[in-house]
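# sharing a model prediction with you, sequence too.
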There are 2 protein chains.
Amino acid sequence: MSVTIYDVAKRAGVGIGTVSRAINNSGSIAPRTKEKVLAVVKELGYRPHASARGLARRRTNTIGVVVPFFTGYFFVELLRGIQGEVSKFQYDLILYNVDETNKKEMILRKVLQERKVDGMLLISLEMTNNEVWELRRSRLPIVLVDSYHPDLDSVTVENRRGAYVATQHLIRQGHSRIGMIDGHLKSSPARVRLEGYKNALRDHDIGFRREYLVISDYVTGEDGFNRKAGYQAMKQLLHLGSNRPTAVFVSSDIQAIGAMKAIEEDGLNVPNDMAIVGFDDIELAQYIGLTTMRQPMFEMGKLAVDRLVECITDVVTNGFKKVFHTSLIVRNTCGALRHQSHNQIT
Amino acid sequence: MSVTIYDVAKRAGVGIGTVSRAINNSGSIAPRTKEKVLAVVKELGYRPHASARGLARRRTNTIGVVVPFFTGYFFVELLRGIQGEVSKFQYDLILYNVDETNKKEMILRKVLQERKVDGMLLISLEMTNNEVWELRRSRLPIVLVDSYHPDLDSVTVENRRGAYVATQHLIRQGHSRIGMIDGHLKSSPARVRLEGYKNALRDHDIGFRREYLVISDYVTGEDGFNRKAGYQAMKQLLHLGSNRPTAVFVSSDIQAIGAMKAIEEDGLNVPNDMAIVGFDDIELAQYIGLTTMRQPMFEMGKLAVDRLVECITDVVTNGFKKVFHTSLIVRNTCGALRHQSHNQIT
DNA sequence: CTCCTTTGTGGAAGCGCTTCCACATTTGGA
DNA sequence: TCCAAATGTGGAAGCGCTTCCACAAAGGAG
C-alpha cells in the first residue's frame, strides 16, 4: 500500500539499516550513499510510518495539552503560543479537554499508559499530591502552565502582585469602596489574586468588606472565568444600592466584559459610576478600552513548550519555575484618563 | 518498564491472544475468561500502547484538524464542537496549523504518509484539484468544513443566501447606499458572500458601486477576517466623506467590531450614521448588540466529526454535502430596533 | 607488505500489539 | 455411544521502523 523503508532500500540498492541512517542522520554513513538514498526518498515521497517509528523509538514526536473547558480567550491565546512553538520543534500537538465527562484523572491515566505523547502541558489545572506523585513515577515530562506545584516545573504569572497593583491603581484614583469579582476558588490564580486584592486594601488601611467580594458562581463545573459569571456577579454588587462599591477589580477581562454589561443595563456609567480594572489583556480589552493587567499569554505558551521539549530531549534537573510579570495597561474603564485627550488612549 | 500485554497474560494465566480478545471484544472468548482477564487489566492499570496498536491495526484513533491561522473566534467555536464530539467517539485530536511557515501542501503530504491520523477535517481551506486528487488517492477520509469541493465531503453554510439576507435587511431599513467589507477573495466564503451581496443589490435595483466594496487587505498571508482589517476597511469607506455608504454589510463579526471602532473614532454613531450587519454571531456579538447572520459553528463542527467517523469506521458512499442555514439575528447595529424598547433587544 | 584501526554496510532482533491458524475441548444430534 | 460442528485458546507471524552486531573494505603506521 504505502511506500515503506523496504521499497526505498530496494530502489536505492542498499539495506534498510542504511536508509534508516540516512533519514535520521545517525550512525556513520558515506556521504555518497546518503545522497543517493535521500534522492530515492524524495522520488518516492517516502515518510516513515509514525506508529512504527513510535514503537521502535519509544518516542512519538507529539506533545499533549490538557485544557479545562477549552473556553475563554485566555486559553486561545496561550494555545496560539504553544502551537507555534510546537510546530517549530517539529512536534505535533494533541488537544485534551477536561470537562464533566472527561475527568482529569481519566485523561492523565490514559495518556500516561498509552504513551501517545512524549510530554504534557497542563493548563490551569490544580494537581493533588497524589496525582503529582503518579505523574512523577511515570517519568513523563510535564510542565504546568498557569498553576503551581512544588514538585513540577511550571510557568506562571505574578498573580498576587498583579492583583495588588490593579487594586492599588483603583485606590490611587481615590476609591475606597473597592469590590472584587473573582473566579471560583478551586482555581489557584483566583485564590492568589484574592490575596493580592486583600493585601492592597490592608496596606492602604482599607477594611476588607465581605459583601464587596463576589465569587463567580460555580456553574456546571466551570471556573467562573466567563462573561455570564461576570455579569451575574456585578448584578449582585449593584443590588447593594447606594452602598455599592465605586470601583471593582475583576479577575479576568472576560468577566469584566459581562460586568460592564450589567452596569450599562443599570443605566450607570463606567468609569464615572463604577471604575473597572480587569486581568489578562485579551485582544478585545484594547477595543473596548478596558484597563487591565496584562498577562503575556502568548509568551507563556511559547516558553512552556521550550521547557517541555528540553525535558524530553535532554536530561534536565527538576525545579524549573518561571514567573512572568504582569503589567498595568491603563485605558478608559478605570477613570485615570478621564481628563486626557482621546488620542492617548491605547 | 510499562506494563505490557505479556504481563497481563502471565498474571491471568492465559495467552496474549486471549488478552487481546478480552480487551477488544473480538473473536470468541468464554465469559469467565474474559472477566478474569479484565480483572487483571484493571488491577495492573494496563492500557495498550498506542503506537504498537496503531502499527498492528493500522488505525490510530486520532483525527487531524487543519486550521488556517488558528485565530478568530469562528475557529474557536468550531473547534469546541469538534473537540466535544471527537472525545465522545474516543478519538484524540491533533491540531495542525497552516501559516506562512507550515504550508498546506507540506502538512497534507506529511499527514498522508505518516498515517498518524485516521481522518482529517480541513477547515476553511481552499483545495486545488491537484490536491484533491492526491487526497483521494491516499484514501484517507476527509471532510471539508466551511469550504467546498465537488469531489470531497463537506459541511458548509449558506453563505450566498446569508449575505443576501443580510444585505436585503439593510435595504429594507431604507438604505440604498450600502457598502460591503469582505475578507480576502482567496477565501471561498468571502467570494460567495460577495455574490450574495451583489445579488441582493441587483434584485432591488440598486447599482453595485466599486468604491463601496472593500476587500480587507492581505496582511502577512492572512485572510482579512480579523479586527484590524475591518478597522482599516471602514477607515477607507469613511474617507469617501459625504458620499460614504449609510449601511455596511461586514463579512464577519470580528471585522465588524473593528469597523465599529473606526466609526466611533470618527465621531459617528451606529446605527444612525452607519448601520452594520455582521456575519457569524460570535459570542461577543450578543454583548455588543451586533446585528448579524448566525452561523451554527458548534453544530457544524459536531456534524463534521460525525461524518468523518462514519467514513473511518464504515464503508460509505462519497458525496456528503451538508449545508447549514444561517439566520438573521436582529440587534442594535442595523437600526431596525431603533424605536423599540431596550428589553426587546437580544 | 602486513596488521590494526577506522569507516561503512546489511540485516536480524525486537518494539507491543492484532490476527490468523492450528489445535483442544465441549456440545449436541443421530 | 460416536462423530461432526461449534466454541475457546495459545502463540507465531507480521505491522514498519530503529538499533545493534557482525563483518567487509579501506586506510595508516610500522
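It's in.
# CA only for contacts and neighbour counts going forward, please
Will do.
# now the helices for the stretch 1-150 of chain A?
A:5-12, A:16-24, A:31-44, A:50-57, A:73-88, A:104-114, A:129-138 (DSSP state H, counting those that start in this stretch).
# looking at the ones you listed, which is closest to A:V248?
Closest to A:V248 of those, according to Cα to Cα: helix A:73-88, at 20.5 Å.
# pull the closest one out as CSV, backbone CA atoms only.
Listed in CSV are the C-alpha atoms of helix A:73-88, where the atom choice follows Å, rounded to 0.1, in the frame of the first residue of the first chain:
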residue,chain,number,x,y,z
TYR,A,73,-9.8,33.7,25.3
PHE,A,74,-7.0,33.1,27.8
PHE,A,75,-6.7,29.6,26.5
VAL,A,76,-6.9,30.5,22.9
GLU,A,77,-4.1,33.0,23.2
LEU,A,78,-2.0,30.5,25.1
LEU,A,79,-2.7,27.8,22.6
ARG,A,80,-1.5,30.0,19.8
GLY,A,81,1.8,30.5,21.5
ILE,A,82,2.0,26.8,22.2
GLN,A,83,1.0,25.8,18.7
GLY,A,84,3.6,28.0,17.0
GLU,A,85,6.4,26.7,19.1
VAL,A,86,5.4,23.1,18.9
SER,A,87,5.5,23.1,15.2
LYS,A,88,8.8,24.9,15.2
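# is there any residue in stretch A:237-253 that contacts chain B?
No - counting by Cα under 8 Å from any Cα of the partner chain, no contacts exist between stretch A:237-253 and chain B, the nearest distance being 12.7 Å.
# where in chain A is pLDDT low?
A:1, A:69-72, A:217-222, A:338-346 (pLDDT under 70).
# what does it have sitting close to DNA strand D?
Proximity of chain A to DNA strand D, by Cα under 7 Å from any atom of the strand, involves residues A:1-6, A:16-17, A:19-21, A:23-24, A:26, A:47-49, A:52-53, A:55-57.
# 6 Å instead?
Residues of chain A that fall close to DNA strand D, judged by Cα under 6 Å from any atom of the strand: A:4-5, A:16-17, A:20-21, A:47-49, A:52-53, A:55-57.
# surely A:R244 meets A:K235?
No - applying Cα atoms under 8 Å as the test, A:R244 and A:K235 come out as separate, 10.6 Å apart.
# for DNA strand C, give me its nearest residue in the stretch 151-300 of chain A.
A:L152 (25.8 Å; Cα to the nearest atom of the strand).
# and the strands in chain A?
Defined through DSSP state E, the strands belonging to chain A, from first to last, are A:62-68, A:92-98, A:119-123, A:142-145, A:153-157, A:178-182, A:213-215, A:247-250, A:275-280, A:292-294, A:321-324, A:327-329.
# same list, those, but as CSV with distance to B:S187 and mean neighbour count please.
Formatted as CSV, the entries for the strands of chain A read as follows, by distance: least, Cα to Cα, whole Å; neighbours: other Cα atoms under 10 Å in any protein chain shown:
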stretch, distance to B:S187, mean neighbour count
strand A:62-68, 30, 22
strand A:92-98, 26, 22
strand A:119-123, 33, 24
strand A:142-145, 35, 25
strand A:153-157, 37, 23
strand A:178-182, 41, 27
strand A:213-215, 43, 20
strand A:247-250, 39, 29
strand A:275-280, 32, 28
strand A:292-294, 33, 26
strand A:321-324, 38, 16
strand A:327-329, 35, 20
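# which stretch among these approaches B:L170 most closely?
Comparing the strands of chain A against B:L170 with Cα to Cα, the closest turns out to be strand A:275-280 (35.6 Å).
# burial of the residue of the stretch 151-300 of chain A closest to DNA strand C, as a residue count?
A count of nearby residues for A:L152, using other Cα atoms under 10 Å in any protein chain shown, gives 19.
# ok, which residues in chain A are in contact with chain B?
Where chain A comes near chain B, counting by Cα under 8 Å from any Cα, the residues are A:2, A:46-52, A:54-55, A:60, A:70-71, A:76, A:80, A:83, A:92-97, A:110, A:113-116, A:258, A:261, A:287.
# from the residues you listed, keep the buried residues only.
Applying 16 or more other Cα atoms under 10 Å in any protein chain shown to the residues of chain A next to chain B, the neighbour count classes A:46-52, A:54-55, A:60, A:70-71, A:76, A:80, A:83, A:92-97, A:110, A:113-116, A:258, A:261 as buried.
# check these against DNA strand C, which are close?
The overlap between these and the neighbours of DNA strand C (Cα under 6 Å from any atom of the strand) comes to A:L55.
# A:V192 contacts A:R160, doesn't it?
Yes - A:V192 lies in contact with A:R160 (Cα under 8 Å); the separation is 5.3 Å.
# neighbour count winner among these two?
Residue environment comparison for A:V192 versus A:R160 gives the larger neighbour count to A:R160, 21 against 18, counting by other Cα under 10 Å.
# how close does the more buried one get to A:K198?
10 Å (Cα to Cα, to the nearest Å).
# show me how the record splits chain A into domains.
Under the assignment automatic domain parsing, the domains of chain A span A:5-48, A:62-157+A:297-325, A:159-295+A:328-344.
# winner for burial among those?
The highest average neighbour count among these, using mean count of other Cα atoms under 10 Å in any protein chain shown, belongs to domain A:159-295+A:328-344 at a mean of 20.
# and that domain, how far out from the chain's middle?
Going by Cα atoms, centre = their mean, to the nearest Å, the spacing between the C-alpha centre of domain A:159-295+A:328-344 and its chain's C-alpha centre is 21 Å.
# need phi/psi at A:E158.
Recorded main-chain torsions at A:E158 are phi -70, psi 70, according to degrees, to the nearest 10.
# isn't it right up against A:K321?
No - with contact defined as Cα under 8 Å, A:E158 does not count as touching A:K321 (11.8 Å).
# quick one, what contacts A:D253?
A:G278, A:F279, A:D280, A:D281, A:I282, A:A285, A:L290, A:T292 (Cα atoms under 8 Å, 6 or more residues apart in numbering or on different chains).
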